[in-house]
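> Next come a sequence and a model predicted from it.
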Amino acid sequence: MAKLTVNGKEVEVPAGTNLIEAARAAGVEVPHYCYHPGLSIAGQCRLCMVDIEKTPRPTIACNTVAADGMVVNTETDRVRETRKSIMEFHLINHPLDCPVCDQAGECWLQIYYMKHGLYDPRMKDEKVHKPKAVPLGPHVILDAERCILCSRCVRFCDEITATGELGIFERGDHSEIGLFPGRELDNKYSANVVDICPVGALTDRDFRFQVRVWYLDTAKSICPGCARGCNIEVHVNRRRPHHAEGRRVARLKPRFNAEVNKWWICDAGRYGFGFVDAPDRLLTPAQREGGSSTDVTWELGIAAVAGALRRLPPEQLGVIASPKMANEDLFALRRLLDLHGISQAAGRVPTRVPGDEDDFLIRADKNPNSLGAELMGFGGDARTVLEAARARRLKFLWVFGHDLLASALSERDVLEAFRAVETVVFTGSNANWTSAHAHWVLPAAAWAEREGTYTNFEGRVQRFRTAIEPLGQALAEWEIVGRVMASLGQTLSATRAEHLFRQLVEAVPAFAGLSYPLLGDTGSPLAAAGAAGRPGAGAPPSEATSSSC
Amino acid sequence: MAEIVLMRNFSNPESHTLDAYRASGGYAAWDRARAIEPAAITEEVKKANLRGLGGAGFPTGTKWSFIPKTHTGPVYLVVNADEGEPGTFKDRYLLERDPHALIEGMLIAARAIRCTKGFVYIRGEYVEPWRRFSAAVKEAYDAGLLGQGFDVVVHRGAGAYICGEETGLLSSLEGKKGWPKIKPPFPAIKGAFGQPTIVNNVETLCCVPPIVTRGAEWFAGLGTKTQGGTRMYSVSGRVKKPAVYEAPVSITLRRLIETAGGVSGTGRLKAVVPGGGSAAILSADEIDVTMDVDGLKAAGSMIGSAGVVVMDESVSIPEALMVLARFYAHESCGQCTPCRESTGWIYKMVHRIVDGRGHKEDLDTILDVAKRGAGTTICAFYDGAVGPYISYIEKFRSEFEALIPHG
Amino acid sequence: MTDGAPSTSNRTPAVQAGLSDPATIVSFSEAQLGEVRRLQSVYPDARGALLPVLHMAQETFGYISLEVEEYVAALFDLSPAHVHEVVTFYTLYFRERPGRHIVAVCHNLSCHLAGAPGIIAHLKQKLGVDPGETTADRRVTFLTVECLCACEAAPMAQVDDRYELNLTPEKIDRLLEGLP
């Protein structure tokens, strides 16, 4: 540990901590561009100057290790003057095209100019011109004139993905970042460079010109794209829907979690939200008779399920739950099944091809809650349930989410099973083959439209929050289950997901000791919860405080 | 003139050969050094008051002593032969005319820092010096001087002034663009290929054999209290006999100009660059300064690489600054924002002034920008640019103002 | 001996390699590949040999085309972008095929004081091209360069491998006549 003083405040930090983080620990923000806690130290932007007692001139904080007895001041006159000058250098060749720049509103040139610049511009000469609006790959677009050459993106591709697509070419004020001519920035994590770009040089092609960032609302969430459970923010456009042709989810951004994804997410997860606002969303309960489907009321839809449960012996009832459902949904469903003694239940549908996986974040299992499903008794293979159906042992089948034909299951077997069952109910957010063949469709809210928890492959339980209202009449799965129970005269005793989580903690030993407050923003591991009871993963390094820098 | 140490062999047309070098007593210092404990060699160099002759003027023995004593892996000696400072040409002479002096200096230095591999980084444009030096290295291998516990790799640069900066040089040696490295760590702790490294200039190492042969006291006695020895002054510009001159570091600039035949052109001195392009300019009345590290520091300039460029009355100072500003804009490596952005900006402003399109606030802007950027970057390149930016304008402001319309 | 520089020469690459066809296949000979491996073994990290191998490539292929960059990148197991960074950083790597000769006139301080602007103007007029350009007959690529450190003999230029000192318009004329 090193004990030092920052702006008069004493603070103790672990040995090896740099002065940007040490200052942060003392509640002091040191402005910076090139420094990023997830990348090597570059020391190029020269903005993080601080005064250290007994040092002749301001020193960069990023490359200075906190030492015992160090007296650091971030607000001396000369540090302020130096910062102001550095801001001017950063901006002399910048095109100042904020009105047409997507980064406006979350641009660290704007933010720091207001905080630390405020000089009168003196540049009268022609600025250096560089390539503009250059697509680098499927997701990222470059404006080299806006670039401040902080090299974060280059270091990301060198150090995190080790793909090395980007470089800084030429020299002096003609230096520019770019790709080897003819190549693409198409690694599986490419769009992280947009997040770490502190300015408008690298922007997101998908988000481009959609909506001004100040119209966005934010919810802390978990990526539903695979079993890693990367922490994210869901940015939604509720206030200017006409700016994005009704598209509500504007973008996903990684959210720092030291234990899960650090600062990063994969592109597949980042751009996997399209289903939320897709035209194939299921908006109302519906009944299919013959070839046509008719919208019905929730009462009617619920009654169809409740009726079957009331009428049929449990051995004729089957359920295929989904590892994409939240722990709360699965627990509600588990309670319902247990109340009725239903044992034909599964959750796992084999995939046609194994999902891609790497040794960084991406997991082959593309479900966010496989472990939770397993712990709730839905780890079984859907084939056993379908087998029972094909053997005409089932009269009722409730399928959650799965598109059973987009799986490794044989089409003939599935069709045969469906034909053999009297009533097939589908609950999910989007239409698919299963919904098209179900007798009843009960629409579910998408993950961004409700709250809940997932248990990732390492047994970490993490909360996701509501970012937007459900579309149409869609409900969270646990609410649908609750309505079924209510119509059977049973009670779920839950008006919020958290209520179910409390019950789940009591009922499922693996979750013992957990609670929503304990999970906090960064979750908690199953096993560790009871013993340690620690909330989350501690204070994140500074970059976590903002989604963009 | 006093003693000639570094250029002692230059008059012999065969001076670059091993035979000629041996005949003039070459490699005797190495024979002697082999019997001396490494630490004692470093002590001797410290006592000799040898200071780096590449530009920074750092005490050489002290630098050598920074190699961690506990380090067990490889240690590298890197010779900076990336001569490029405007107005400097001494290392070219040493490489061409006394390559074995450098090899001998390397052998001794390597022993002092317990190094088994040395790299000589020669600027890419130096084809003839590279050929001469490479031939000498081959001779030294054939004679068993090299390859017996110490190897030398001759490396050619590819055209970038910044590679003369020691850590820019190391990046380049490692096969990267020549971006200087952030310090700490310093090269002596973590240098070439991540190992402790000493980077010395050609001329600096050429001073080492004479120190070993003739003793630290003798060498120290040639110079001033804080800097021993003689050094090679590259004198060019408006002098009658431009050439490289060896002199004790205590020589005055006035005497040096006289040695070079005096001012040519109009014959009337206007200004002198005393230590390569990056040194602050001195006006005609500032030339009674001694040409050692501390003498020029006291005069508000620097000895740098001892490249002396003389300007007579007819020289346009704004034009001279424009030439240098173009150089700094061209050679800035682009790594640190203040240098990358303002070298180009300042060049544009100076160019505009020389073209008669200056604004009256330009001069103050240049001065302010230069002063604000000074000391804010990873390496000394920008500070080197600031020397001329400020001094040319402050000392010759009226010349600039005369070019500005309605100035 | 462990020479970190390739054991051939410098500059006028096209002439030395006898190349004229820009469609030359980018591939070193077996002997050259052996030299690449030798150079890579000379440095504690093979990447140290990148600059020397690029020099070699320039002599062999005439200039460093993007194909050459990719080829060299593969020899070093580097991303082509990192080789491109290096090639675009240094002035001695030609990214386009230069003329048969390079005339590089110093325009830094001492040469400027000694009349470099006049030498440059003279060359412009004689060659009919501006600095940075190559004559239509591909004979000469004309460059202005920063200090080549031969200020005692200013104005000067590097013509291919050689330093040509104390230039005058007359000397330039003779020099140009001597360039095939």
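Cool, got the structure.
> Stretch B:45-56 vs chain C: in contact?
No - using C-beta under 8 Å from any C-beta of the partner chain, stretch B:45-56 never reaches chain C; the gap is at least 12.8 Å. (C-beta placed from N, C-alpha, C; glycine too.)
> ok, now stretch B:154-163?
Yes - legend: contact between stretch B:154-163 and chain C by C-beta under 8 Å from any C-beta is shown at B:Val154, B:His155, B:Arg156, B:Gly157, B:Ala158, B:Gly159, B:Ala160, B:Tyr161.
> Could you tell me the end-to-end distance of that stretch?
Distance across stretch B:154-163, first residue to last, is 15 Å (C-alpha to C-alpha, to the nearest Å).
> and it, which residues are buried?
For stretch B:154-163, burial by neighbour count (16 or more other C-beta atoms under 10 Å in any protein chain shown) applies to B:Val154, B:His155, B:Arg156, B:Gly157, B:Ala158, B:Gly159, B:Ala160, B:Tyr161, B:Ile162, B:Cys163.
> Which other helices and strands does the strand or helix carrying the second one contact?
Per DSSP states H and E, B:His155 falls inside strand B:151-156. Using 3 or more C-beta pairs under 8 Å, 6 or more residues apart in numbering or on different chains; DSSP states H and E as the contact criterion, the elements in contact with strand B:151-156 are strand B:117-122, helix B:127-142, helix C:50-61.
> Tell me if the first one is near chain C.
Yes - using C-beta under 8 Å from any C-beta, a contact is recorded between strand B:117-122 and chain C, made by B:Lys117, B:Phe119, B:Ile122.
> re earlier: which stretch among the helices and strands packed on strand B:151-156 is buried most, on average?
Most buried of the helices and strands packed on strand B:151-156 by mean neighbour count (mean count of other C-beta atoms under 10 Å in any protein chain shown) is strand B:117-122; its value is a mean of 26.
> That one - contacts with which helices or strands?
Under the contact criterion of 3+ C-beta pairs under 8 Å, 6+ apart, strand B:117-122 touches strand B:76-81, helix B:99-113, helix B:127-142, strand B:151-156, helix B:166-173.
> That one: how far from the chain's middle?
16 Å (C-alpha atoms, centre = their mean, to the nearest Å).
> With pLDDT added, can I get the residues of stretch B:154-163 next to chain C in TSV?
TSV is the format used below for those (pLDDT from 0 to 100):
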residue	pLDDT
B:Val154	98
B:His155	98
B:Arg156	97
B:Gly157	98
B:Ala158	98
B:Gly159	97
B:Ala160	98
B:Tyr161	98
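> Just flag the most distant two among these.
B:Val154 and B:Tyr161 (20.2 Å; C-beta to C-beta).
> quick revisit: closest to chain C among the residues of strand B:117-122 next to chain C?
Using C-beta to the nearest C-beta, B:Phe119 comes nearest to chain C of the residues of strand B:117-122 next to chain C, at 6.8 Å.
> in chain B, what spans have low per-residue confidence?
Where chain B drops to pLDDT under 70, the residues are B:1, B:407.
> Which strand runs longest in it?
Looking across chain B with DSSP state E, the single longest strand is strand B:230-237.
> For the lengthiest helix in chain B, list the C-alpha coordinates in CSV.
Taking DSSP state H as the criterion, chain B has its longest helix at helix B:337-354. Presented in CSV, the C-alpha positions along helix B:337-354 are these (Å, rounded to 0.1, in the frame of the first residue of the first chain):
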residue,chain,number,x,y,z
THR,B,337,-0.1,15.9,-29.0
PRO,B,338,1.6,19.2,-28.2
CYS,B,339,4.6,18.4,-30.5
ARG,B,340,2.6,16.7,-33.2
GLU,B,341,0.1,19.5,-33.5
SER,B,342,2.2,22.6,-32.8
THR,B,343,5.2,21.9,-34.9
GLY,B,344,3.0,21.9,-38.0
TRP,B,345,1.1,25.0,-36.8
ILE,B,346,4.2,27.0,-36.0
TYR,B,347,5.7,26.1,-39.4
LYS,B,348,2.6,27.4,-41.1
MET,B,349,2.8,30.6,-39.2
VAL,B,350,6.5,31.2,-39.8
HIS,B,351,6.1,30.3,-43.5
ARG,B,352,3.2,32.7,-43.7
ILE,B,353,5.3,35.5,-42.2
VAL,B,354,8.2,34.8,-44.5
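> Fine by me, we can end here.
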